[in-house]
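S.K.: sequence isn't available, so here's the structure alone:
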């Protein structure tokens, strides 16, 4: 059974406990997919750019990774949420081999837990937390082309009933959310960027997308830092030739929460 690759915008951590159009969509999405035997996920919050070994891939390899609450100033009960999905050390080892065969150093980390880019969407999609997960690091220092190639390396896993997910955000400017006064035309800048992304994805214009930092409108407004956009390229690389936009929403005026499927 083949699985798709998905790019999911995971939004604010409050999505874990607060009903919204996006949380409703993610609950329905989990029910609509054939149940995968495992999930491989690239999250915006597992970025190796500042690591001493920045050019290495890090892969979760623990049997029972902990839930990481890597956010601040949220209600106290948010920090008690657990997502006890198991890891998959054997699959992690197989993924490390795929990277090593391409000359990329892959480090198996038995201590790394599930960051909120993993457990918030998956808790909504698969609340029973019974599907094994392997998380693969991103690297904002290496950029879009490297993330796309990482996805391509893992694409064959989809034919083994393994779901591949990039978890980030189509736009992600948290500073602007709280800025007073707001930047003029900010809504229009988000719309222009997200429409450009949608057009390029549906047209399968991979060269333009890989050059988004120079080709897309208002890039640095939508992504002052790049970690929430790069998981898209891993999903693109892992996916098939067909692309479909599954969902679109905007929170707080400017946080775009689109989801795309590649199959």
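M.R.: Yes, it's here. Source: prediction; values computed, not measured. Numbering: from 1, shown residues only.

S.K.: buried stuff in the least confident helix or strand in the chain by mean pLDDT?
M.R.: The weakest-scoring helix or strand in the chain, judged by mean pLDDT, DSSP states H and E, is helix 174-177 (a mean of 92). For helix 174-177, the neighbour count (16 or more other C-beta atoms under 10 Å) marks residue 176 as buried. For glycine as for every other residue, the C-beta is placed from the backbone atoms N, C-alpha and C.

S.K.: name the helices or strands packed onto the helix or strand just after that helix?
M.R.: The helix or strand immediately downstream of helix 174-177 is helix 186-202, counting by DSSP states H and E. If contacts are counted by 3 or more C-beta pairs under 8 Å, 6 or more residues apart in numbering; DSSP states H and E, helix 186-202 sits against helix 206-210, helix 219-222, strand 243-247, strand 255-256.

S.K.: buried deepest among those, which one?
M.R.: Highest mean neighbour count among the helices and strands packed on helix 186-202 (mean count of other C-beta atoms under 10 Å): strand 255-256, with a mean of 22.

S.K.: how near is residue 113 to residue 153?
M.R.: According to C-beta to C-beta, to the nearest Å, residue 113 stands 24 Å off from residue 153.

S.K.: residues touching the residue nearest to residue 88 when sequence neighbours are not counted, list them.
M.R.: Leaving aside its sequence neighbours, residue 88 sits nearest to residue 132 (C-beta to C-beta, 6 or more residues apart in numbering; 3.8 Å). Residues near residue 132 by C-beta atoms under 8 Å, 6 or more residues apart in numbering: 37, 38, 39, 85, 86, 87, 88, 91.

S.K.: quick check: the third one touching residue 136?
M.R.: Right, the one you point to is residue 39. No - using C-beta atoms under 8 Å as the test, residue 39 is too far from residue 136 to be in contact (11.0 Å).

S.K.: related to what we said a few turns ago, of the helices and strands packed on helix 186-202, which is nearest residue 68?
M.R.: Residue 68 lies closest, by C-beta to C-beta, to one member of those: strand 255-256, at 21.4 Å.

S.K.: number of residues surrounding the residue nearest to residue 154 when sequence neighbours are not counted?
M.R.: Distance criterion C-beta to C-beta, 6+ apart; nearest residue to residue 154, sequence neighbours excluded, is residue 238 at 5.2 Å. Neighbours of residue 238 under the rule other C-beta atoms under 10 Å: 30.

S.K.: gap between residue 238 and residue 100?
M.R.: Using C-beta to C-beta, one gets 18 Å for the distance from residue 238 to residue 100.

S.K.: the closest residue in space to residue 258 that isn't next to it in sequence: what secondary structure?
M.R.: With sequence-adjacent residues excluded and distances taken as C-beta to C-beta, 6+ apart, residue 258 is closest to residue 170, at 4.3 Å. Three-state assignment for residue 170 (DSSP: H, G, I helix; E, B strand; the rest coil): coil.

S.K.: hang on, residue 170 packs against residue 9?
M.R.: Yes - using C-beta under 8 Å, residue 170 is in contact with residue 9, at 5.4 Å.

S.K.: tell me which of the two has more neighbours.
M.R.: Using other C-beta under 10 Å, the more surrounded residue of residue 170 and residue 9 is residue 9, with 29 against 25.

S.K.: on the strand side of things, show who that one bridges to.
M.R.: residue 168 (DSSP bridges).

S.K.: i'd like the first residue to be 30 from this point on
M.R.: New numbering, starting at 30: the last item is residue 38.

S.K.: what residues are up against it?
M.R.: Counting by C-beta under 8 Å, 6+ apart, residue 38 has contacts 51, 197, 198, 199, 285, 286, 287, 288.

S.K.: which stretches of this protein form helices?
M.R.: Using DSSP state H, the helices assigned to the chain run over residues 50-61, 118-129, 145-154, 173-183, 203-206, 215-231, 235-239, 241-244, 248-251, 260-267.
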